[in-house]
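A predicted structure for the sequence below; I have some questions about it.
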Amino acid sequence: MNINLGNISDAIPEGARYRFPFQIELPSNIPSTMYNEGVGRAYCQINYKIKAELLSGDKSLFGKHKVQVEFNVMSKPLPIQPVPNLIQPITQHVNFLCCFNIGKITMGARVADTRIGRGEKVIIDFACQNESLVNIQRAEVSVKQEVDWKSGSRSNGDKKVIAHNIFKQTSRWEKIDKAKMKESKVKSRAPTDTYRGEEQRILQLIHAAIHDGENRALLSIPTSAIQSYQGALIKVHHRLKIKVFTGGSCTDNPTIKMPIFIGTPSNYNRTQSDAQIESPTIEVLPPPTAPTAIVTPLTLGTPTTVSPSAPPSEWASAVVATPVVIGQSTAVVGGNIWEAEEGGGDTNQQSNVIPMAAAEIVPTLESLLKEIQYSVSAISTIQNRIDDDTWKMKVFYTLNPQDYAKVINSVPIEFDQPEVAALVGPLVNACNFTHRYIIAALGAVADWLRTPLLTKVLPLCTDLNENGDRIKAELTDWELVCTQRDFESAAVSNV
């Protein structure tokens with residue numbers, strides 16, 4: 001933002017003092033302050049500064065002299081509504097010496113919420129059925145943080161495990177004998193209804209074990225973790241991995257991987273009595289080759305109201321301008337992105353350009369998709385357009401199933417896609433959200449998001465009782481097991 005805080009007369013008396021009070025409301029969707037080192041001397045950072053300068057026309061009154069203060073920003077707390085992930089069980093064959101099949105292992109898991117706050121614990125329920133000739137020695141769960149940045153022809157990154165735990169052993173981890181192994185192989189060569197029924201039984205067994213919480217692990221996300229972020233130059237991803245280690249040498253170790261999103265805890269804006277997290281400190285250190293700036297620690301905890309300090313006594317007689325208050329609506333997303341040559345200095349060069357947000361944009365689907373592409377928060381962008389009656393009538397009311405799927409697929413943070421689907425769904429087709437839109441949405445999201453998507457949009461379906469079977473025909477056996485209650489509840493509400 002460039003803000004004019006006031007004008008000063010051309011004739012400034014010697015020793016005159018002027019005060020220009022101002023208040024700026026930051027956009028609610030900007031990312032947290034961050035800093036991360038890569039290979040060699042490389043680093044990436046997101047920082048925020050307030051700069052002040054006296055100007056005469058377009059020229060500075062004091063040459064290049066500017067006053068600037070760097071401050072830390074905490075991103076908006078995560079939504080309270082969880083985005084769970086009931087991972088579809090996978091069956092992996094276990095090989096010895098890379099070529100001898102010695103059985104299979106079926107495993108599944110559930111993550112209570114894939115959006116996790118820094119300093120919080122994530123709950124993982126795990127279930128495993130061992131049908132191989134080797135014992136399962138242990139099963140581990142970990143979270144890996146991957147930071148990548150690229151500008152121009154240069155790129156760098158950093159990867160590290162930020163959380164780790166081990167599941168307890170159960171009786172289902174024990175190996176089977178050779179007779180059962182032989183019987184299983186014979187049935188698999190000529191699948192019958194009995195064999196398929198056994199596969200369904202194992203799915204039901206895994207589903208029940210996951211929901212019973214018989215093998216649960218807690219992962220503590222450190223407060224030093226960087227917020228998940230997908231920007232034009234910097235990308236921060238977090239992945240949860242569950243790995244099963246089998247006994248013996250030269251055997252396979254089945255693995256499950258899934259994305260998670262780390263941000264500011266959802267209870268950060270609650271009262272002290274409701275807060276469940278401690279108040280540790282995140283050190284945001286200045287980069288080794290960057291100019292020195294005032295950097296204070298980022299503290300996770302209950303926010304407090306800070307009053308501005310009174311000016312020094314010698315400023316009591318200063319001329320005070322009318323206070324300037326800047327709201328979120330004044331912020332403009334877009335502009336030039338600059339990359340710094342190694343060593344800093346004045347050798348910066350323009351790298352990329354993000355289109356500036358125009359004051360007036362023609363209400364079309366193409367305009368909406370482009371806005372979502374360059375937005376920091378797709379949900380906020382879409383909600384703003386829904387609140388505009390012109391956009392609501394010309395764009396959202398006219399969306400067909402394919403266009404609806406395009407809107408969902410354009411959301412860069414996939415964790416937000418089910419929420420966007422539920423936000424836009426009630427408006428499409430002149431408020432007639434049919435099964436065809438749900439089927440199109442299922443094809444627009446990742447496999448792990450199909451179940452959370454259905455949980456949110458099934459209650460919105462206007463013809464669920466007549467055409468619910470057509471939606472079910474698009475689902476896997478596991479998805480049918482997981483969404484059975486959702487279909488039943490939605491059917492009752494649509495009566």
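Thanks, I have the structure now.

show me the shaky parts of the stretch 151-300 of the chain.
Confidence mapping of the stretch 151-300 of the chain against pLDDT under 70 gives the ranges 181-198, 248-252, 269-300.

90 instead, please
Judged by pLDDT under 90, the stretch 151-300 of the chain has its weakly predicted residues at 151-155, 168-215, 230-233, 244-256, 258, 266-300.

which residues in it form strands?
154-166, 216-220, 229-230, 234-246, 255-263, 281-282, 298-299 (DSSP state E, counting those that start in this stretch).

turn the ones you listed into TSV, columns for mean neighbour count and distance to D469.
(Each C-beta comes from the backbone N, C-alpha and C, glycine too.) Output for the strands of the stretch 151-300 of the chain, formatted as TSV (neighbours: other Cβ atoms under 10 Å; distance: least, Cβ to Cβ, whole Å):
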stretch	mean neighbour count	distance to D469
strand 154-166	14	41
strand 216-220	16	35
strand 229-230	16	37
strand 234-246	19	34
strand 255-263	19	29
strand 281-282	16	51
strand 298-299	18	51
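
can you tell which of those strands is closest to I80?
Taking Cβ to Cβ, strand 255-263 is the member of those nearest to I80, at 12.5 Å.

so how far is the closest one from its chain's centroid?
10 Å (Cα atoms, centre = their mean, to the nearest Å).

same check, this time on stretch 41-54
24 Å.

ok, now stretch 208-220?
The mean C-alpha position of stretch 208-220 is separated from the chain mean by 23 Å, Cα atoms, centre = their mean.

what's next to it, contact-wise?
Stretch 208-220 is contacted by residues 86, 108-110, 120-128, 141-143, 163-168, 170, 172, 240 when judged by Cβ atoms under 8 Å, 6 or more residues apart in numbering.

quick one: buried ones out of those residues?
With neighbours counted using 16 or more other Cβ atoms under 10 Å, the contacts of stretch 208-220 contain these buried positions: 86, 108-110, 120-122, 124-128, 141-143, 163, 167, 170, 172, 240.

which residues does the spatially most central residue of the chain form beta bridges with?
When the chain is reduced to its mean C-alpha position, the closest residue under Cα atoms, centre = their mean turns out to be F261, at 3.8 Å. For F261, the residues forming beta bridges with it (DSSP bridges) are R115.

who are the contact partners of it?
Under the criterion of Cβ under 8 Å, 6+ apart, the contact partners of F261 comprise L78, V83, T114, R115, I116, S228, H238, I413, F415.

which of the buried ones among the contacts of stretch 208-220 fall within strands?
Using DSSP state E, 86, 108-110, 121-122, 124-128, 141-143, 163, 240 are the members of the buried ones among the contacts of stretch 208-220 that sit in strands.

of those, which pair is most distant in space?
Farthest pair in these, by Cβ to Cβ: K121 and C128, 22.0 Å.

show me where the chain has its helices.
In the chain, helices defined by DSSP state H lie at 178-189, 193-212, 365-374, 378-386, 389-394, 401-410, 417-424, 428-431, 435-442, 450-457, 464-472, 477-493, listed in chain order.

distance-wise, check V395 relative to D416.
V395 sits at a distance of 19 Å from D416 (criterion: Cβ to Cβ, to the nearest Å).

repeat for W173
37 Å.

give me the distance between the two termini of stretch 411-420.
Terminal residues of stretch 411-420 are spaced 8 Å apart (Cα to Cα, to the nearest Å).

now do that stretch, average pLDDT.
Taken as a whole, stretch 411-420 carries a mean pLDDT of 90.

buried stuff in it?
Within stretch 411-420, the residues scored as buried using 16+ other Cβ under 10 Å are V411, P412, I413, E414, F415, D416, Q417, P418, E419, V420.

list the contacts for the first one?
By Cβ under 8 Å, 6+ apart, the contact set of V411 is I372, A378, Q417, V420.

any idea how far the third one is from V424?
Just to be clear, that refers to Q417. When Cβ to Cβ is the yardstick, Q417 and V424 sit 11 Å from each other.

if we can go back for a sec, now render the strands of the stretch 151-300 of the chain as TSV, adding distance to V320.
Formatted as TSV, the strands of the stretch 151-300 of the chain follow (distance: least, Cβ to Cβ, whole Å):
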stretch	distance to V320
strand 154-166	47
strand 216-220	49
strand 229-230	40
strand 234-246	40
strand 255-263	39
strand 281-282	36
strand 298-299	32
